[in-house]
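Enquirer: Have a look; sequence and predicted model below, questions after that.
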Amino acid sequence: MAAASSTCYSFGRFVLKTSQVFIRSKLSIAFVNKKPVLPGHVLVSPIRVVQRFRDMTVDEVSDLFQIVQLVSTEIQTYHRSSSFTMAMQDGEEAGQTVQHVHVHILPRKAGDFERNDDVYSEVTFCICCPLLIFPINIRV
């Protein structure tokens, strides 16, 4: 299933309104996490509901990571970050909480975590529910 309807998208068990999506390419969408680990924490996901990375087509993988690159560049400018953490949990044992492939993009700054690797436990425990709070509008 690609989109729930012309006015929304499926993201695992959640429904995203088109107004919650700040970028849409041919095969991918980007939106803000409802419970961001850091300001600017966004998700990029294929439009088609795909539970596991291995089940994506070559075109979907290519498109997804092109959008990850584009969005991370814009976030870096907007949030004045110096680095990024990009993460994907692929399967239950890896911490995937939404059964739909998605990449977390977190803009990073010096001192945002006491121990730099603490970001991974935060991403593992965040619940990926979308909510638009990121004021950027990119068209591909």
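Expert: Everything's here; your move.

Enquirer: contacts and neighbour counts: CA atoms only from here.
Expert: Noted.

Enquirer: which helices and strands does the helix or strand harbouring H104 pack with?
Expert: For H104, the host element (DSSP states H and E) is strand 103-108. In this structure, strand 103-108 makes packing contacts with strand 42-46, helix 58-79, strand 83-87, judged by 3 or more C-alpha pairs under 8 Å, 6 or more residues apart in numbering; DSSP states H and E.

Enquirer: So what's the gap between it and the chain middle?
Expert: 8 Å (C-alpha atoms, centre = their mean, to the nearest Å).

Enquirer: Tell me which residue is most central in this protein.
Expert: Nearest residue to the geometric centre of the chain (C-alpha atoms, centre = their mean): L43, 1.0 Å.

Enquirer: just to revisit the earlier point, ok, which of the helices and strands packed on strand 103-108 comes nearest V98?
Expert: Each of the helices and strands packed on strand 103-108 was scored for nearness to V98 using C-alpha to C-alpha, and the closest is strand 42-46 (11.0 Å).

Enquirer: got the CA positions of the closest one in PDB?
Expert: Once side chains and other backbone atoms are set aside, the C-alpha atoms of strand 42-46 remain, and they are given as PDB (Å, rounded to 0.1, in the frame of the first residue of the first chain):
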ATOM      1  CA  VAL A  42      13.100  14.000  11.600                       C
ATOM      2  CA  LEU A  43      12.200  10.700   9.900                       C
ATOM      3  CA  VAL A  44      12.500   9.700   6.200                       C
ATOM      4  CA  SER A  45      10.500   6.800   5.100                       C
ATOM      5  CA  PRO A  46       9.500   5.100   1.800                       C
END
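
Enquirer: Can you list the strands that it pairs with?
Expert: Strand 42-46 has its sheet partners listed here by DSSP bridges as strand 28-32 (antiparallel), strand 103-108 (antiparallel).

Enquirer: Next, format those as TSV and append mean pLDDT.
Expert: Listed next are the strands paired with strand 42-46 as TSV, based on pLDDT from 0 to 100:
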stretch	mean pLDDT
strand 28-32	95
strand 103-108	89
